[in-house]
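S.K.: Quick one, fold the following:
(chains A and B, ligands or ions: 2)
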Amino acid sequence: MQIVVCLKQIPDLQQIRIKRDTREPVLEGLPFLLGDMDKNALEEAVRIVEQRGGKVTALALGSPKLRDTIKEALAMGADEALLLIDPAFADSDTMTTAKILAKAIEKREYDLILCGEGSTDNYSGQVPSRLAEILGLPQVTYVRQLEFTEGGLRATRDMEEALEIVEVSLPALVSVTSEISEPRLPSLIQILKAAKKPLQEWTSEDLALSAHEVGKEASSLEVISNLAPEQERKNITLEGEVDEVVEQLTDAFTREGVIAR
Amino acid sequence: MAEILVFSEKDEIAFELLSKGRELKEELCLGLAAALLGQEVEGRSSQYFSYGAEKVYLGESALWVDFYVETYAQALQRVAEEGGAQILLLGSTKRGKELASRVAQKLGAGCITDVIGLRLEGDGLVADRYALGGNTVASEVIKTERKVIAVMPKTFEAFPLEDGEGQTVHLDLELPEPRVRVVERRPKEGEAVNVEEAEVLVCIGRGLGAEEDLEMIWELAQALGAEVGCTKTLASDFGWLSEERIVGLSGKKCNPRLYVGIGISGQIQHTVGILGSKIIVAINNDPQAPIFKIADYGIVGDLYEVVPRLAERLTPP
Ligand SMILES: Cc1cc2nc3c(=O)[nH]c(=O)nc-3n(C[C@H](O)[C@H](O)[C@H](O)COP(=O)(O)OP(=O)(O)OC[C@H]3O[C@@H](n4cnc5c(N)ncnc54)[C@H](O)[C@@H]3O)c2cc1C
Ligand SMILES: Nc1ncnc2c1ncn2[C@@H]1O[C@H](COP(=O)(O)O)[C@@H](O)[C@H]1O
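M.R.: Ligands and ions are numbered 1, 2, ... in the order given. The predicted structure is shown next:
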C-alpha cells in the first residue's frame, strides 16, 4: 500500500498578535506546525502501513521552513518526505497549490492519497477536491473511519445529518476529520531516527512548471484586506472568594441587563 | 445572456441564494438561473421562480440518489458552460464545499468557500470569509472570468416575490455511474436545538471532568434561561453533547446577549463563533487562558466551585 499524505505547515495560530491600531495580524517570527487534521491523516496512514505493509510519503508544499517542520511527520512514522519548495510557489492559492501537488503526485506510484478535511489556517477544503479532479480520482470527504475491503476501501463519512458508509475502489483520495485518529507523540528514538529518513526536494523546474503558472501570478484570488474583527471588551477580572465573585457577576448581569428577570 | 447560477441540495439555501442573486443581477446586468437536480424535482420549479429564478435547469435522474458530488459537478459544469454562467452561487454545506471545489476546478475557475458576506465594490464582487483559523476576516475577489462562491447557510435572508415566473429548461444528461457507493446511512439523532438563536448561551469545554457533571451545567443554564453549547471536543471526540451544539469555526456562529464560557481555553476556532455576543463571561482556572483576552467579565477559578454557587444564586428560593 503506497500512501501519499498531503501536509501543510501552518504558523502557530495561538501565538498570532493583532496590531491594536490597524487590526492587522502579525505573522513574522511565528513558529510553524503541521496542520491539525493533516496529522490525523498521517497517523491513519502510518497505522495502515503498520498493519498492511507499504510506504507512507509525506508531501508538503511551502516555504524553506518546511525542512524543519516536516521532521515531525518523519518522527511520527512517515517513511519519506517530499518537499516542494521554490520562491516561485509563494502565495499560491488553492488552485495553484492543487496544481503543484498534482504534478508531484503524478510522478509517483500511489494507491491512496490522504488529506485533511481542511487546513488549520485556511480551512477551504478546496485543495483535496481540486487535486482529486486533476488526478481523475474518486474522492471521499469527511472520513472519520476507514477500513479495507477486498475491492478497496469502506469509509464512514461524517455528514451533517447522518453517518454515511461508502465503498470505493483504489486508487482514491480520502480527506479525514479529526475524529479518525489521535496523532501519536513521537518518542525520542523516533525523533532521532527521523533524521536519517529520505527527504527529497523538488522545485518548479523538477515539476516542469514555469514561474507564471504558479504562485501569486497564477493565483485566481486577490486578497483585498485581511483584518481581525473589531472587538471592544471590558476585560474585567472579578476577584475574591467564590461567593464574592459570584455576587459581583450577578450584579454585572443586572447592570448590563443581559438576563431577563 | 450571461447569468448567475444558483444551486444547493437544500431548497432553503437555494432560496437564500436566489434572494441575494436578485440584488446582484440588477447591478451586474446578468440573468438569474437555478439548477434543480435530483429525483422528483419536476414539480418544484415554481417555488424557485417565486424566489426570483428566471430560468430553472431541471435534471431528473435516478442517479442523483446518493448525492455523489462528481456527477453533480459534471452536470453543473455543463449547465454553466451552456448557459454562460459567470457566477455560481452554491451553499457551503459539507457537500456544497466539495461540489464548489470540484466544479471550480472543472471550469478553471477561482472559488471561495465558507463565505459569510458578499458585496459589490467598484466592479468587483467581494466575498468575506474567516482566515487564519478565525483570527481574521479576509475580503477576497476572484480574478477568473467564472467565479464559484459557496455561501454559508443563513447568510442571506430568503424572501419570495409576489409573483415569480420563469422558464424551465429540461436537461438531457448522460451521467456516469457513481464511483463511490453508499452502502448504509445512519441518521444522526437530530436534536432540535438552535444555539444560533439563543439569547443566553452557556458553553462548556474540556474543563469538565466527566459526562455526569453536565448536570451542573444544565442547572446553571436553566437558572439563566440559557441554551447549552459546547466546544468541538465535547461533541465530536467525547460524544457527550450533540454536534448541533458545537460553537465555532466548524460549528455555529452565535450572537447572544450573554455568553458564559466554562472550562474553555478560548482557542480561536471556538471563539470565532461568539464574537457577536454582547457580553462575554469566562470561567477558567488558568489565569493565562486566552479566553480572558476576549471576555468582558472573567472569573479565575475552579468551575466545580463557581458553577454550583452561581446557579444557586440565580435560582429564586
Ligand atoms: C479546522 C478546525 C476547526 C475547528 N472548529 C472548532 C469549532 O467549530 N468549535 C470548537 O469549539 N472547536 C473547534 N476546533 C477545535 C479547537 O481548536 C479546540 O481544540 C477546542 O475548541 C478546544 O476546546 P476546549 O476549550 O474545550 O479544550 P481545551 O483547549 O483543552 O481547554 C480546556 C480549558 O479548561 C480549563 N479547565 C480545566 N479544568 C478546569 C476547571 N476545573 N475549572 C475551570 N477551568 C478548567 C483549562 O484551563 C483549559 O483552558 C477546531 C479545530 C480545527 C483545527
Ligand atoms: N501547501 C500544502 N501542502 C500540502 N498539502 C496541502 C497544502 N495545502 C493544503 N493541503 C492539503 O489539503 C487539505 C485541505 O486544505 P485547504 O484546502 O487549504 O482547506 C489540507 O488538510 C492538506 O491535506
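S.K.: what sits against the residue of the stretch 51-200 of chain B found nearest ligand 2?
M.R.: Using C-beta to the nearest ligand atom, the single residue of the stretch 51-200 of chain B nearest to ligand 2 is B:S101, 7.7 Å away. Just so you know, the C-beta spots here come from the backbone N, C-alpha and C atoms, and that holds for glycine as well. For B:S101, the contact set (C-beta atoms under 8 Å, 6 or more residues apart in numbering or on different chains) comprises A:94, A:124-126, A:128-130, A:133, B:111, B:113.
S.K.: quick one: it from B:L107, how far?
M.R.: Applying C-beta to C-beta, to the nearest Å, the value for B:S101 to B:L107 is 11 Å.
S.K.: separation between the closest residue to B:S139 other than its chain neighbours and ligand 1?
M.R.: Of all residues not flanking B:S139 in the chain, A:I224 sits nearest, at 4.4 Å (C-beta to C-beta, 6 or more residues apart in numbering or on different chains). For A:I224, the distance to ligand 1 (C-beta to the nearest ligand atom, to the nearest Å) stands at 24 Å.
S.K.: Any idea how far apart the tips of stretch A:97-115 sit?
M.R.: End-to-end distance for stretch A:97-115, by C-alpha to C-alpha, to the nearest Å: 13 Å.
S.K.: Quick one: mean pLDDT over that stretch.
M.R.: What stretch A:97-115 shows for mean pLDDT is 97.
S.K.: cool, stretch A:66-81 as well?
M.R.: 98.
S.K.: Name all residues that make contact with residue 104.
M.R.: All of this is about chain A. Contact analysis of A:A104 by C-beta under 8 Å, 6+ apart lists A:59, A:82, A:84, A:202, A:207.
S.K.: my bad, chain B
M.R.: B:A104 neighbours (C-beta under 8 Å, 6+ apart): A:95, A:126, A:130, B:88, B:110-111, B:148.
S.K.: quick one: which of those sit in helices?
M.R.: Judged by DSSP state H, these include A:95, A:126, A:130 as members of helices.
S.K.: Neighbours of the last one, how many?
M.R.: Pointing back at A:R130 there. 26 (other C-beta atoms under 10 Å in any protein chain shown).
S.K.: Am I right that it is in contact with A:D93?
M.R.: No. In terms of C-beta atoms under 8 Å, A:R130 does not count as a neighbour of A:D93; the distance is 10.2 Å.
S.K.: A:E232 versus the residue lying closest to A:L135 once chain neighbours are set aside, what's the distance?
M.R.: When the adjacent residues along the chain are set aside, A:L135 lies closest to A:A102, with 5.7 Å between them (C-beta to C-beta, 6+ apart). Distance from A:A102 to A:E232, counting by C-beta to C-beta: 45 Å.
S.K.: Which one of those two is surrounded by more residues?
M.R.: In this view A:A102 and A:E232 are compared by other C-beta under 10 Å, and A:A102 has more residues nearby, 17 against 6.
S.K.: so what's the backbone phi/psi at the more buried one?
M.R.: phi -60, psi -40 (degrees, to the nearest 10).
S.K.: My read is that it contacts A:I134, right?
M.R.: Yes. A:A102 lies in contact with A:I134 (C-beta under 8 Å); the separation is 4.2 Å.
S.K.: Give me the common contacts of those two.
M.R.: With C-beta under 8 Å, 6+ apart as the test, A:A102 and A:I134 reach no residue in common.
S.K.: okay, now the domains of the chain?
M.R.: Here I'm looking at chain A. Domain ranges of chain A: A:2-218, A:231-261, per automatic domain parsing.
S.K.: sorry, should have said chain B
M.R.: If you go by automatic domain parsing, chain B breaks into B:3-170, B:195-314.
S.K.: Redo the ones you listed as JSON lines? Include mean pLDDT and distance to A:L7.
M.R.: Output for these, formatted as JSON lines (pLDDT from 0 to 100; distance: least, C-beta to C-beta, whole Å):
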{"stretch": "domain B:3-170", "mean pLDDT": "94", "distance to A:L7": "16"}
{"stretch": "domain B:195-314", "mean pLDDT": "95", "distance to A:L7": "19"}
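S.K.: closest to A:T141 out of the ones you listed?
M.R.: For the domains of chain B, proximity to A:T141 was assessed by C-beta to C-beta; domain B:3-170 is nearest, at 5.0 Å.
S.K.: show me the contacts for A:P186.
M.R.: Each residue near A:P186 by C-beta under 8 Å, 6+ apart is listed here: A:72, A:75-77, A:194.
S.K.: Distance of the closest residue to chain B within chain A relative to B:A109?
M.R.: The nearest approach of chain A to chain B comes at A:S220, 2.9 Å away (C-beta to the nearest C-beta). Counting by C-beta to C-beta, the gap from A:S220 to B:A109 is 7 Å.
S.K.: of those two, who's got more company?
M.R.: Neighbour count, other C-beta under 10 Å: between A:S220 and B:A109, B:A109 has more, with 25 against 22.
S.K.: Do I have it right that the more buried one meets B:I149?
M.R.: No. Between B:A109 and B:I149 there is no contact under C-beta under 8 Å: 9.9 Å.
S.K.: Return every residue with contacts to both of those two.
M.R.: B:88, B:142.
S.K.: Grab the nearest non-local neighbour of A:A132.
M.R.: A:Q139 (3.8 Å).
S.K.: actually A:K65, sorry about that
M.R.: Using C-beta to C-beta, 6+ apart, the closest residue to A:K65 is A:F32 (5.1 Å).
S.K.: So in terms of bridging, what pairs with that neighbour?
M.R.: Taking DSSP bridges as the rule, A:F32 bridges to A:P11.
S.K.: Now do the same contact list for B:F67.
M.R.: B:9, B:95.
S.K.: so it sits in a helix?
M.R.: No. When classified by DSSP: H, G, I helix; E, B strand; the rest coil, B:F67 is found to be coil rather than part of a helix.
S.K.: Could you tell me the backbone phi and psi angles at it?
M.R.: Dihedral angles of B:F67 (phi, psi; degrees, to the nearest 10) stand at phi 50, psi 60.
S.K.: can you list the residues that contact the helix or strand hosting B:L37?
M.R.: In the assignment (DSSP states H and E), B:L37 maps to strand B:31-38. Here strand B:31-38 makes contact (C-beta under 8 Å, 6+ apart) with B:1-7, B:9, B:14, B:18, B:21-22, B:25, B:44-45, B:48, B:52-61, B:64, B:72, B:75-76, B:79, B:83, B:85.
S.K.: From these, which land in strands?
M.R.: B:3-7, B:55-60, B:85 (DSSP state E).
S.K.: Parallel or antiparallel, which strands does the one helix or strand in chain A whose mean pLDDT sits lowest pair with?
M.R.: Here the helix or strand of chain A ranked lowest by mean pLDDT, DSSP states H and E is strand A:17-18, holding a mean of 91. Using DSSP bridges, the strands paired with strand A:17-18 are strand A:25-26 (antiparallel).
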